[in-house]
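> Next come a sequence and a model predicted from it.
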Amino acid sequence: MPKLKDVPSLYSLAIDVLEDEFVQFVKEELCLQSDEDQLFCIYSPEIFSSYVEMVKSLVLTNVPVVARQDLLDHILKKMDMSSTVRYAAVEILYESDCKRFIPGTFPQSYHPMILSKVISECQSLKFIDLTYFWVRGTDKRYLSQLFSNARNLTSIVIPQICDDALLSVIGKCCSNVSFLDIQNSVNVTETGIDNLIFSDNGSVNSICMSLVVFKIGGPRLTAISPSKMTFLLKFAPFLSNLGPYAYCGRLLGIMNEDLKHQPTNLYYVHDTYTTDNQMIAIEKMAPQLKGVYFDTPSDEAVSHLSLFKGLMKLKIRKAFWIDIFVPALQMENLQILELINIHGNIDLAHIGKFWHLQKLVIYHCDRLVSSDFTYHFKNLNFLEIYYTEYFDNVLLHILTHSQNLEHLSLGYFGTISDEELIPILSFDKLINLEKLWIARAEFLSWMSVAAILDYCPKLKSIGRMENWNLTKGELEKFGEMARFSNWDLLFWEFFS
């Protein structure tokens, strides 16, 4: 049977009790009943703030800093909680000693008020994540003030809303930032990259010496040329990751042609339409490379995969398996293999030669086959296969030779029946399974469900059982068991 839920620690219980008391107090003070967010409009900010100082003094006096930070995080993560209550949490719990701020989702009308609060109390702030904030127009001034004041930040996440002016402020004022995420910010241009690197007098900003991860790019961002990005790599010597920036091959090709450039510290590269010359440049200019994503590389480029012997992660899209597997076999330490839109028969026997493989993802490929069945996946703990054809014997071999499998997610389970699956389970072949997600398993009945519960003691999540050989009554029964048995098991229901 699945594990029972752990007994909560005294600390987590205390946080839960504090949250309940806090939420109840806020609702009583504002007379909130059903439609809290509309009622907030009735109560002006002046009325809302009349009791804030009193509650804040109680909290500051009686709740330790670490617990107050955790309580704030706990409340802000609850998207189903009223925005008014979560905003009250920001007003009361957020103080100058808070080191992280992750506000989550709020109506846009709340954004200026929340940012104003953070601006006034950001002396200790180290990490901020504004992924769900949409700040534009005159409200952008709040972001500029925030990054001007929060000079101890080390991590900034502001995807989509960043622009050249904000990069200028970050470059000049946030000299300790090592992680900067501005993915899909369409208003960032090459001027913004200059603003990040150089100050007004032409000197190099201090942030260049601390920046390690700079996530830029994305499907909507094409305005920044590889030649401009060479300046960033030149002046930010410890930069190791450009996130989804999809022109790293051209970027490193330019640097390779210029003999003045030293090899970079990049450990991850994303590139599209890679040529063989760019592949050679990547190998030469990124000697510490550990992970790559090659999207639509040329056939000649694929043949140079053998250059990357120390690679630990290979993600590749739109190529032929017959061109991939021979050079890829040179990657003796490969741990993660992700194949997307790969043409031809993918031979699982070839993949079985990656002795250290831990994660295998196959999406939208032609076919998964196996030329022999003598291999084992001793280290494989994560497997996802979707929109790819495969036969039952291939899947059965994986299930019987992957004893460390923890995450199994499949588009379909073929014609494998209870009589085939239950013996595999009974011999503890899937004893380490924690997540099971099968979109279609037409031949698995309640007998298999019972066996999964019996022989997968670490199971924490199971889903998509509406397309198994189960009745609505059996699914409802299982849902009730999962909810009321105190199992530490998440049951994803889609049945209607």
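Structure's in. What do you need? Note that this is a predicted model, so its numbers are computed, not measured.
> Where does pLDDT dip in the protein?
7, 29-52, 220-222, 493-496 (pLDDT under 70).
> Just give me how far the longest helix along it sits from the chain centre.
What stands out as the longest helix in the chain, according to DSSP state H, is helix 10-30. Its chain's average C-alpha position is 30 Å from that of helix 10-30, according to Cα atoms, centre = their mean, to the nearest Å.
> nearest residue to Leu399 other than its sequence neighbours?
Ile424 (5.3 Å; Cβ to Cβ, 6 or more residues apart in numbering). Bear in mind the C-beta positions are built from the backbone N, C-alpha and C, glycine included.
> Also Ile102?
Asp129 (4.5 Å).
> Who does the one you found form a beta bridge with?
Val157 (DSSP bridges).
> can you pull the contacts of it?
101-103, 157 (Cβ atoms under 8 Å, 6 or more residues apart in numbering).
> Apply 10 Å and report the result again.
100-104, 155-159, 181 (Cβ atoms under 10 Å, 6 or more residues apart in numbering).
> Weed out the non-buried ones from these.
Those of the contacts of Asp129 that meet the buried threshold are 101, 103-104, 155-159, 181, by 16 or more other Cβ atoms under 10 Å.
> any chance of these in TSV, with distance to Ser120 too?
Below are the buried ones among the contacts of Asp129 laid out as TSV (distance: Cβ to Cβ, whole Å):
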residue	distance to Ser120
Phe101	13
Pro103	15
Gly104	20
Ser155	21
Ile156	18
Val157	21
Ile158	19
Pro159	25
Asp181	24
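> thinking again about what came up before, just checking, what packs against the helix or strand harbouring the residue nearest to Leu399?
Taking DSSP states H and E as the definition, Ile424 sits inside helix 418-426. Contact analysis of helix 418-426 by 3 or more Cβ pairs under 10 Å, 6 or more residues apart in numbering; DSSP states H and E lists helix 392-400, helix 446-455 as its packing neighbours.
> Report the buried residues of that helix.
By neighbour count on 16+ other Cβ under 10 Å, the buried set for helix 418-426 is 418, 420-422, 424-425.
> residues in contact with that helix?
By Cβ under 10 Å, 6+ apart, helix 418-426 touches 392, 395-396, 399-400, 413-414, 416, 429-431, 433, 441, 443-456, 469.
> My guess is Leu408 contacts Lys429. True?
No - counting by Cβ atoms under 10 Å, Leu408 stays clear of Lys429, with 11.5 Å between them.
> Which neighbours do those two have in common?
In contact with both Leu408 and Lys429: 399, 402, using Cβ under 10 Å, 6+ apart.
> List the strands paired with the helix or strand hosting Ile340, with their directions.
Here Ile340, judged by DSSP H and E, is contained in strand 336-343. Strand 336-343 sits in its sheet next to strand 313-320 (parallel), strand 359-363 (parallel), going by DSSP bridges.
> Adding distance to Phe238 and mean neighbour count, write these out as JSON lines.
As requested, those are arranged in JSON lines below (distance: least, Cβ to Cβ, whole Å; neighbours: other Cβ atoms under 10 Å):
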{"stretch": "strand 313-320", "distance to Phe238": "21", "mean neighbour count": "18"}
{"stretch": "strand 359-363", "distance to Phe238": "27", "mean neighbour count": "18"}
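> Kindly reformat those strands as a markdown table and extend each row with distance to Pro226.
Output for the strands paired with strand 336-343, formatted as a markdown table (distance: least, Cβ to Cβ, whole Å):
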| stretch | distance to Pro226 |
| --- | --- |
| strand 313-320 | 20 |
| strand 359-363 | 28 |
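> and which of the buried residues of helix 418-426 is nearest to Pro297?
Closest approach between the buried residues of helix 418-426 and Pro297, by Cβ to Cβ: Ile424, at 37.6 Å.
> Can you report how many residues neighbour Lys309?
Neighbours of Lys309 under the rule other Cβ atoms under 10 Å: 12.
> could you say which helix or strand contains Leu196?
helix 190-197.
> what comes up buried for the next helix or strand after that helix?
On the C-terminal side of helix 190-197, the closest following helix or strand by DSSP H and E is helix 207-210. Neighbour-count burial for helix 207-210 flags 207-208, 210 (criterion: 16+ other Cβ under 10 Å).
> do the same with stretch 393-403
Buried, per 16+ other Cβ under 10 Å, within stretch 393-403: 394-399, 401-403.
> Show the buried residues in the contacts of helix 418-426.
For those, buried by 16+ other Cβ under 10 Å: 395-396, 399, 413-414, 416, 429-430, 433, 441, 443-446, 448-449, 451-453, 455-456, 469.
> isn't Lys78 right next to Asp16, touching?
No - in this structure Lys78 lies outside contact range of Asp16 using Cβ under 10 Å: 11.7 Å.
> quick check, Leu383 in a strand?
Yes - counting by DSSP: H, G, I helix; E, B strand; the rest coil, one finds Leu383 located in a strand.
> residues in contact with it?
357, 359-362, 377, 395, 398-399, 402, 405-410.
> Same check on Pro103?
72, 76-77, 86-87, 89-90, 94, 110-111, 114-115, 118, 128-133.
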